[in-house]
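Engineer: need a structure here:
(chains A and B, ligands or ions: 2)
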Amino acid sequence: MKIANTSEFLSAEEIAEIEREFEIYPTRRAAGLEALRIVQKHRGWVSDEALQALAAFLQVDTAELESLATYYQLIFRRPVGKAVVYCCNSASCWLMGSRDLQRQLQTRLQVRPGQTTDDGKITLLETPCLGDCDQAPVIMVGTAGGTYEMHRRLTTEKLEELVNDLQKVYGGSSDEP
Amino acid sequence: MTNPEPHSVPNPLTKNITADNVATPIDRYRENDGYCGLLKALELSPQAVIDSVQAAGLRGRGGAGFNTGLKWSFVPDQDKVPGPRYLVCNADEMEPGTFKDRLLMERDPHLLLEGMAIAAYAIGAERAFIFIRGEYFLATERLQRAIDEARAAGLLGKNIGGNRFSLDIYLHRSSGNYICGEETALLNALEGKRAIPRAKPPFPQVSGLWGQPTVVNNVETLCNLPHLISHGEEWYRQLGRHKDTGTKLFGVSGRVKNPGVWELPMGTPVREIIEQYAGGMLDGFRLKGFLPGGGSTDFLTPDHLDLAMDYDVIGEAGSRMGTGTITILDDHSCPLGLTLNLQQFFARESCGWCTPCRDGLPWVVEILTRLESGNGRAQDLDLLEELATGMGPGNTFCALAPGAAEPLLSALKYFREDFERHLQYGGCPFADDRRALLLPA
Ligand SMILES: Cc1cc2nc3c(=O)[nH]c(=O)nc-3n(C[C@H](O)[C@H](O)[C@H](O)COP(=O)(O)O)c2cc1C
Ligand code: SF4
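Structural biologist: Numbers count the residues shown, from 1 in each chain, chains lettered A, B, ... in the order given. Ligands and ions are numbered 1, 2, ... in the order given. Model (predicted):
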């Protein structure tokens, strides 16, 4: 599929934000990752159409931009929930009980890592070290708007509250009775 | 940051950091001698700044401990390689168990900006990037605000402090990929390419970003520059307690009473950090081993507690000081399980360029997984050793695979009995411990 006119696909807002990035780097190509992030912020994820439109706009091969998009765990090439729960599973969190947290999340949300709740609201992912090891175990919650928030020194009870709060804000069905 | 007692030792890296989780604003930063180091550097020649940093003995805090001034001195003169120079701050902090750069960026962003300006002046860069991991959302916000503040105050931008030196600093947000922290992969990432390490030589100082001379330094390394230049190399050298100079952020995570990060003199003994600052082990737990400076350093044992946290001392003991953030292995946690966890991380983050890394790591993970689940074979331990040796230095384009081999080989050395118990027991002998260790309700 060929996208004839990039600016028909990308919104004026997206284009304005990406063009601001061009001022930072000597090449358009270098703005690739940030451009992907901008599109994801506006659309929730990076679809094939968005990727092609972006590649044309950045004047790089689609395959090349794809090789960036698939390299980074914070860029999504599939739709995700309104909230993405990143459960840290690296050394310090592992030592401090992250496996129990993850099990609890899987049971509460009825999903496995990489999956989204039935109502499409909450996605669960495993993540490597989040650099907050003295606060282990930790979880990070990302939103479609591109914000990230840390939840630290979690216990079974605190995680229960966090899931309740997330479900109040976003939904996230498949709750245990 | 949680310091158990008021500071009796100088704390130039953290002097502005209080218990409140706020970024030091520019006015308070300046009241406390902020930007004096930069203004002093601008009165010196770039070469004099390089000489002073080299003589101070500042070693890179990103893990490898290379002399910072010496690294800068490899940037060629303009008549040899004309064109722009770049400075890149490595803020990709993703090594498992490392949590020090986050503190500096979130709480005192101007310290980093001032350090970057000094480094940029020394190497002749007018454009600098902070390569920050995408998960560090708060740090990114606070750094951007600090950049805007510094620019408004004439401390960044054109003709800084009325001098001929100009500098723009930009944030480049990454998106979660450990290999981006390797300095040549980082350069590819900044250029908008897939972040695969580059073959070296040429080194970045000669041919880096867009083929131009480039210096990559860690956040904490750069944060050492303001006070080093303000007070001079003699003062700086005396901050250390052993051979290495200056102060360092040391951290402890795991089952200790008071996990945290503290600024202490270089050369502070491991025991003091774990027992005094981290408050010792939690009741009911004993120290079985520790990783001195992140997931890619070799395990050490209680026999090593009296070693000084100095690059060469820890190196001679067969490990590396790495990032200086200690991960504690307690006696209820399975050493094989922790090793497997680390190898899974490295296997997942490998860029796939070199065979020992791309193929070796998944194989290691497979073997450790079968040992952990009780399906191991007697020859597995030798096989692991062979694979780890193949991943060692000299066989790969970057240090990821050799870094992965370090905890594996040292675990096989110090915790061999525990590995063998998995074979005899037909599973993980720590599994019952784990059931008793479920998170508190
Ligand atoms: C796989 C890998 C990941 C790395 N990640 C980081 C990192 O996140 N931050 C960092 O400062 N250095 C990291 N390094 C080390 C850098 O390559 C480089 O040595 C360092 O940024 C140099 O800065 P320094 O001399 O100030 O220490 C990594 C190295 C490897 C091999
Ligand atoms: S050692 Fe691993 S991560 Fe490094 S270049 Fe080779 S394959 Fe890539």
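Engineer: what's around B:N32, how many residues?
Structural biologist: When counting by other CB atoms under 10 Å in any protein chain shown, one arrives at 12 neighbours for B:N32. Using the backbone N, CA and C atoms, a C-beta is placed for each residue, glycine as well.
Engineer: pretty sure it is touching B:T18, no?
Structural biologist: No - the criterion here is CB atoms under 8 Å, and B:N32 misses it with B:T18 at 11.4 Å.
Engineer: now do the strands in the chain.
Structural biologist: The chain I'm using is chain A. A:83-88, A:122-127, A:139-143, A:148-151 (DSSP state E).
Engineer: hmm, no, I was thinking of chain B.
Structural biologist: B:86-91, B:127-132, B:168-173, B:214-218, B:247-253, B:260-265, B:287-291, B:325-330.
Engineer: so which residues on the stretch 251-400 of chain B come close to ligand 2?
Structural biologist: Proximity of the stretch 251-400 of chain B to ligand 2, by CB under 6 Å from any ligand atom, involves residues B:350-354, B:357-358, B:396-398, B:400.
Engineer: got the contact list for the residue most central in space within chain A?
Structural biologist: Closest to where the C-alpha atoms of chain A average out (CA atoms, centre = their mean) is A:L74, at 4.5 Å. Going by CB atoms under 8 Å, 6 or more residues apart in numbering or on different chains, A:L74 touches A:37, A:142, B:134-135, B:175-176.
Engineer: got a winner among the residues you listed for most neighbours?
Structural biologist: Ranking those using other CB under 10 Å puts B:E135 first, with 29 neighbours.
Engineer: that residue contacts A:P128, correct?
Structural biologist: No - B:E135 lies out of contact with A:P128 (CB under 8 Å); the separation is 9.7 Å.
Engineer: for these two, list the residues in contact with both.
Structural biologist: With CB under 8 Å, 6+ apart as the test, B:E135 and A:P128 both reach B:G176.
Engineer: mind pulling up the pLDDT for B:Q78?
Structural biologist: The model reports B:Q78 with a pLDDT of 95.
Engineer: repeat that for the one 10 residues further on.
Structural biologist: According to the model's per-residue confidence, B:V88 sits at a pLDDT of 98.
Engineer: count the residues that sit near the closest residue to ligand 2 within chain A.
Structural biologist: Residue of chain A nearest ligand 2, by CB to the nearest ligand atom: A:Y71 (12.2 Å). As a burial measure, A:Y71 scores 20 neighbours (other CB under 10 Å).
Engineer: return the residues in contact with it.
Structural biologist: B:177, B:194-195.
Engineer: which of those residues come close to chain A?
Structural biologist: B:177, B:194-195 (CB under 8 Å from any CB of the partner chain).
Engineer: ok, and the most crowded of those residues?
Structural biologist: Busiest of the ones next to chain A among the contacts of A:Y71 [other CB under 10 Å] is B:A195, holding 26 neighbours.
Engineer: now do it against B:L112, distance only.
Structural biologist: 22 Å (CB to CB, to the nearest Å).
Engineer: out of the strands of chain A, which one sits most buried?
Structural biologist: strand A:83-88 (a mean of 24; mean count of other CB atoms under 10 Å in any protein chain shown).
Engineer: starting from that strand, tell me which strands it pairs with and how they run.
Structural biologist: strand A:122-127 (parallel), strand A:139-143 (antiparallel) (DSSP bridges).
Engineer: between those strands, which one is nearest to B:A150?
Structural biologist: strand A:139-143 (28.7 Å; CB to CB).
Engineer: who's in contact with B:L228?
Structural biologist: So B:L228 contacts B:37, B:52-53, B:56, B:58, B:236, B:246 (CB under 8 Å, 6+ apart).
Engineer: 10 Å instead, please
Structural biologist: B:12, B:37, B:41, B:49, B:52-53, B:55-58, B:68-69, B:115, B:118, B:235-237, B:239, B:245-246 (CB atoms under 10 Å, 6 or more residues apart in numbering or on different chains).
Engineer: now B:M309: closest residue in space, sequence neighbours ignored.
Structural biologist: Nearest non-adjacent residue to B:M309, counting by CB to CB, 6 or more residues apart in numbering or on different chains: B:T268, 5.5 Å away.
Engineer: mind putting the strands of chain B in a markdown table, distance to A:D118 included?
Structural biologist: Shown next, in a markdown table, are the strands of chain B (distance: least, CB to CB, whole Å):
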| stretch | distance to A:D118 |
| --- | --- |
| strand B:86-91 | 38 |
| strand B:127-132 | 35 |
| strand B:168-173 | 32 |
| strand B:214-218 | 44 |
| strand B:247-253 | 36 |
| strand B:260-265 | 41 |
| strand B:287-291 | 40 |
| strand B:325-330 | 38 |
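Engineer: would you turn these into TSV with distance to ligand 1 and mean neighbour count?
Structural biologist: Output for these, formatted as TSV (distance: least, CB to the nearest ligand atom, whole Å; neighbours: other CB atoms under 10 Å in any protein chain shown):
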stretch	distance to ligand 1	mean neighbour count
strand B:86-91	4	27
strand B:127-132	9	24
strand B:168-173	13	19
strand B:214-218	3	26
strand B:247-253	12	26
strand B:260-265	16	23
strand B:287-291	15	25
strand B:325-330	12	26
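Engineer: looking at the stretch 1-150 of chain B, which residue is nearest ligand 2?
Structural biologist: Counting by CB to the nearest ligand atom, the stretch 1-150 of chain B gets nearest ligand 2 through B:M94, at 12.8 Å.
Engineer: for that residue, grab the count of nearby residues.
Structural biologist: Counted with other CB under 10 Å, B:M94 comes out at 24.
Engineer: over to B:V53?
Structural biologist: 28.
Engineer: ok, the one 4 residues further on next?
Structural biologist: Using other CB under 10 Å as the criterion, B:G57 is surrounded by 19 other residues.
Engineer: which residue comes closest to it once chain neighbours are left out?
Structural biologist: In space, B:G57 is closest to B:T245, 3.9 Å off (CB to CB, 6+ apart).
Engineer: which residues sit in contact with that neighbour?
Structural biologist: B:T245 neighbours (CB under 10 Å, 6+ apart): B:55-59, B:224, B:228, B:233, B:236-239, B:265-267, B:310.
Engineer: for the longest helix along chain A, packing partners?
Structural biologist: For chain A, the longest helix by residue count, based on DSSP state H, is helix A:156-170. Secondary-structure packing of helix A:156-170 (3 or more CB pairs under 10 Å, 6 or more residues apart in numbering or on different chains; DSSP states H and E): strand A:83-88, helix A:98-109, strand A:122-127, strand A:139-143, strand A:148-151.
Engineer: distance-wise, check the nearest residue to B:P265 once chain neighbours are set aside relative to B:D303.
Structural biologist: Excluding the flanking residues, the one nearest B:P265 by CB to CB, 6+ apart is B:R241, at 4.4 Å. Per CB to CB, B:R241 is found 21 Å from B:D303.
Engineer: more neighbours: the two, which one.
Structural biologist: B:R241 (19 against 10).
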